[in-house]
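Novice: Sequence and computational prediction follow.
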Amino acid sequence: MASNLGFEVIVVGDATATFERTGPDGAWYSAEQMHRAALASLHGEFAQVQSTEDVLRRLHPEGV
């Protein structure tokens, strides 16, 4: 929603996590699959997915 309201949204992908899931059809998805799929669905439409390193570099271009 923040993106829809005009805010620049950044999700720090390597600072988030999820759990494995079983779908309604019984298919099992690993935590890694769920994480990658969730980030892919957000990136470019609702947010920019970036790494911690990229965010820190952006906040402190002179170095940390």
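Specialist: Thanks, I have it.
Novice: Just the element for Phe19, please.
Specialist: Per DSSP states H and E: Phe19 is located in neither a helix nor a strand.
Novice: okay, now it: neighbour count?
Specialist: 9 (other C-beta atoms under 10 Å). All C-beta spots, glycine's among them, are computed from the backbone N, C-alpha and C.
Novice: Skip the chain neighbours and tell me the closest residue to it.
Specialist: Of all residues not flanking Phe19 in the chain, Ala31 sits nearest, at 5.5 Å (C-beta to C-beta, 6 or more residues apart in numbering).
Novice: could you list every residue that touches the one you found?
Specialist: Ala17, Thr18, Phe19, Glu20 (C-beta atoms under 8 Å, 6 or more residues apart in numbering).
Novice: three-state assignment of the first one?
Specialist: Yep, that's Ala17 we're talking about. Three-state assignment for Ala17 (DSSP: H, G, I helix; E, B strand; the rest coil): coil.
Novice: From Arg36, how far out is it?
Specialist: For Ala17, the distance to Arg36 equals 12 Å [C-beta to C-beta, to the nearest Å].
Novice: Confirm that Arg36 lies within a helix, as I assumed.
Specialist: Yes. Per three-state DSSP, Arg36 lies within a helix segment.
Novice: Could you list which residues are in contact with it?
Specialist: So Arg36 contacts nothing (C-beta under 8 Å, 6+ apart).
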